[in-house]
Each structure stands twice: as structure tokens, then as C-alpha cells.
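Engineer: The amino acid sequence is not available; the structure is as follows:
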């Protein structure tokens, strides 16, 4: 509960905070890459990068939102000129140039395999994301904006990713345990 000090009335409020963790905390096999950052929460993935990076540029071309981005940059510059706080050019470029792509996890996968234990992005092409929950795995294409899931849920239940993920270009290598064959 939160109580306000400035007013005579006390307000009871509950705040819900979504926390995100770095992919390196979840999948230590991932290498550190300077062009993209991945944060994972319970129901979505945040992929961040410099707006000049190939990842963000690909996403903007796919959306066709270049005009909206130019307008937002112009509004941001106007706000900066009105404010009394003067940032150095280097600081303002660093703040303006980082953007996030939000990817919602597939609800059908979350219902049967929550919590998600592993996340990985291919750092060669910056186009694919892989996740693994209690059972099975799923892949997401940032270019096509589609999830690839198991076609058969029984096969998905038989596979558990235990060894992490490794991307080799567009190929995903996953260390798995087959529950039905116990190997």
C-alpha cells in the first residue's frame, strides 16, 4: 500500500511492476554483443539496439514507420529546446539513439510451458529469437514477425531444453532431453 504524505486523505494503491532480466543471466551460452540487448519478462521480450544498427533499421523498414520516427525526433528536439536542462551533444545522442522492439510471447506456448527458462538471439544476423519453457521450444523471426511452434503438442511435451541454446547463423542448436525415451 502507498500512502500520500502531501494530502490529508490516505490512498491505498497497489502497484504492479513488470521486471525484466538480461538474457545473459538466463542463458550463459550467449555471447555479449554490442549491437543488440535482450531483456526478458514473464510474457514478452525486449530487444534493444542503437537506432542505426541493422536490427532497428530492418524493423523500421518492415513497419514503414520512418515518417513517424522523424516526427517523434522533431518533437523531442522541440522539447529539449524548451527545457532548462542542457545536455551535452554526446549525452543527448546516446539517449536518443537507443530504441526497443517489444515481442509478445505466444499465449498458447505460455499456457502449457510457463515459466520461460531460456532466451537467445542469433548475434550473427540479429533476425531470430529462441525461447524454451518447461517443455519444448519456440523460435521467432524478427523479419517475418512470426512464431514457429511445434505442430504436435505431444512431441513438445516430450522435449526439454537442458543445455541452453547456441545459434550458428540461422540454425539453432539446443541441448535437449527426450522425456519419452529417457535420454
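Structural biologist: Right, received. Where do you want to start? Note that the coordinates shown come from a computational prediction; the quantities given were computed from them, not determined experimentally.

Engineer: Just give the nearest non-adjacent residue to residue 169, would you?
Structural biologist: The shortest distance from residue 169 to any non-neighbouring residue, by Cβ to Cβ, 6 or more residues apart in numbering, is to residue 124 (5.3 Å). For every residue, glycine as well, the C-beta is placed using N, CA and C.

Engineer: So the one you found: helix, strand or coil?
Structural biologist: Look at residue 124: counting by DSSP: H, G, I helix; E, B strand; the rest coil, its state is coil.

Engineer: pretty sure it is touching residue 167, no?
Structural biologist: Yes: at 6.7 Å, residue 124 counts as touching residue 167 under the criterion of Cβ atoms under 8 Å.

Engineer: Who has more neighbours out of the two?
Structural biologist: More crowded of residue 124 and residue 167, by other Cβ atoms under 10 Å: residue 167, with 21 against 12.

Engineer: quick one: the closest residue to that one other than its chain neighbours from residue 166, how far?
Structural biologist: The shortest distance from residue 167 to any non-neighbouring residue, by Cβ to Cβ, 6+ apart, is to residue 122 (3.6 Å). To residue 166, residue 122 is 10 Å away according to Cβ to Cβ, to the nearest Å.

Engineer: In terms of packing, which of those two has more residues around it?
Structural biologist: Using other Cβ under 10 Å, the more surrounded residue of residue 122 and residue 166 is residue 122, with 23 against 17.

Engineer: I'd guessed the more buried one sits against residue 173; true?
Structural biologist: No: with contact defined as Cβ under 8 Å, residue 122 does not reach residue 173; the gap is 10.8 Å.

Engineer: Find the residues that touch each one of these two.
Structural biologist: residue 167 (Cβ atoms under 8 Å, 6 or more residues apart in numbering).

Engineer: now what about the longest strand anywhere in the chain, what contacts it?
Structural biologist: Determined from DSSP state E, the single longest strand within the chain is strand 159-168. With Cβ under 8 Å, 6+ apart as the test, strand 159-168 has contacts from 27-30, 117-118, 120-124, 128, 130, 132, 134-137, 172-179.

Engineer: list the buried ones in it?
Structural biologist: 159, 160, 161, 164, 165, 166, 167 (16 or more other Cβ atoms under 10 Å).

Engineer: Name every strand pairing with that strand and say which way it goes.
Structural biologist: Here strand 159-168 is paired, per DSSP bridges, with strand 171-178 (antiparallel).

Engineer: I'd like the distance between residue 12 and residue 117.
Structural biologist: Residue 12 is 36 Å from residue 117, by Cβ to Cβ.

Engineer: Would you map the strands across this structure?
Structural biologist: So, for the chain - with DSSP E - the strands run 21-22, 36-40, 44-50, 98-104, 118-121, 128-132, 138-141, 146-148, 159-168, 171-178.
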